[in-house]
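Trainee: starting from these lines, generate the structure:
(one chain, ligands or ions: 1)
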Amino acid sequence: MRILALLLLIGCGTPIEDLNPTKKDKKYEVADKELESYINLFEEESKSRKAVSIDNLIVEYGNTADVGQGLLNLLDVTIGVCYSGSDTPRIVIDKSYWADATDTQKEVLMFHELGHCILGRGHDTRLDNGKVPVSVMYPTIFTFWYTKKRKYYLDELFLGGY
Ligand SMILES: [Zn+2]
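Mentor: Okay, here's the model as predicted:
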């Protein structure tokens, strides 16, 4: 399980292409209600902390397979990407990963990408005791510690590192 989890690389916020996404009149444009529920949850958690609102964002399903960062070479699988290079930041989620993901995996993935696209955060590869990610901005999905220390990770995400 641990090995599998490590292979689920999350794409980083580096702008790779600009497809000139256009947003309609809404604050943000989201592919479906389930993705939107994580946007709402993010804003809800934000309210009690930094109170960042989301007013310019596209979230969609798409192909993320080609967006490797080369960190794990042949073994990496990118399951989410934030494109922040254009006026409207865009999050692309791999649909096949999403279909089989647990609620916690979905939350970590969405909050990680929103960390890039909305909070402007980069990756944080630090580990406590050599094994516990310090931030949800760690470049792979982790759920065991996230579930145990969810409040810590949300404080860290919105309020910055400790
Ligand atoms: Zn990332």
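
Trainee: state the helix or strand in which residue 113 lies.
Mentor: Here residue 113 sits within helix 103-117, counting by DSSP states H and E.

Trainee: pull the contacting residues for the nearest residue to residue 50 once chain neighbours are set aside.
Mentor: In space, and not counting its chain neighbours, residue 50 is closest to residue 158: 4.4 Å by Cβ to Cβ, 6 or more residues apart in numbering. In short, each C-beta sits where N, CA and C put it, glycine included. Listed by Cβ atoms under 8 Å, 6 or more residues apart in numbering, the contact partners of residue 158 are 45, 46, 49, 50, 52, 119.

Trainee: not counting sequence-adjacent ones, nearest residue to the last one?
Mentor: By that I understand residue 119. Computed as Cβ to Cβ, 6+ apart, the closest residue to residue 119 that is not its neighbour in sequence is residue 52, at 6.4 Å.

Trainee: which residues touch that neighbour?
Mentor: Residue 52 neighbours (Cβ under 8 Å, 6+ apart): 46, 118, 119, 158.

Trainee: secondary structure class for it?
Mentor: The three-state label given to residue 52 by DSSP: H, G, I helix; E, B strand; the rest coil is coil.

Trainee: contacts for the helix holding residue 113, please.
Mentor: Contact with helix 103-117 is made by 10-13, 34-35, 38-39, 41-42, 54, 57, 79-84, 89-91, 93, 97-98, 101, 121-122, 136-137, 141-143, 146-147, 154, 157, as judged by Cβ under 8 Å, 6+ apart.

Trainee: which of the residues you listed count as buried?
Mentor: Neighbour-count burial (16 or more other Cβ atoms under 10 Å) applied to these gives 10-13, 35, 38-39, 42, 54, 57, 79-84, 89-91, 93, 97-98, 101, 121, 136-137, 141-143, 146, 154, 157.

Trainee: still on that earlier bit, helices - which of the contacts of helix 103-117 land there?
Mentor: Members of the contacts of helix 103-117 lying in helices (criterion: DSSP state H): 34, 35, 38, 39, 41, 42, 97, 98, 146, 147, 154, 157.

Trainee: and which of those is nearest the ion?
Mentor: When those are compared for distance to the ion (Cβ to the ion), residue 157 wins out at 12.3 Å.

Trainee: can you tell me the closest non-neighbouring residue to that closest one?
Mentor: Leaving aside its sequence neighbours, residue 157 sits nearest to residue 136 (Cβ to Cβ, 6+ apart; 5.2 Å).
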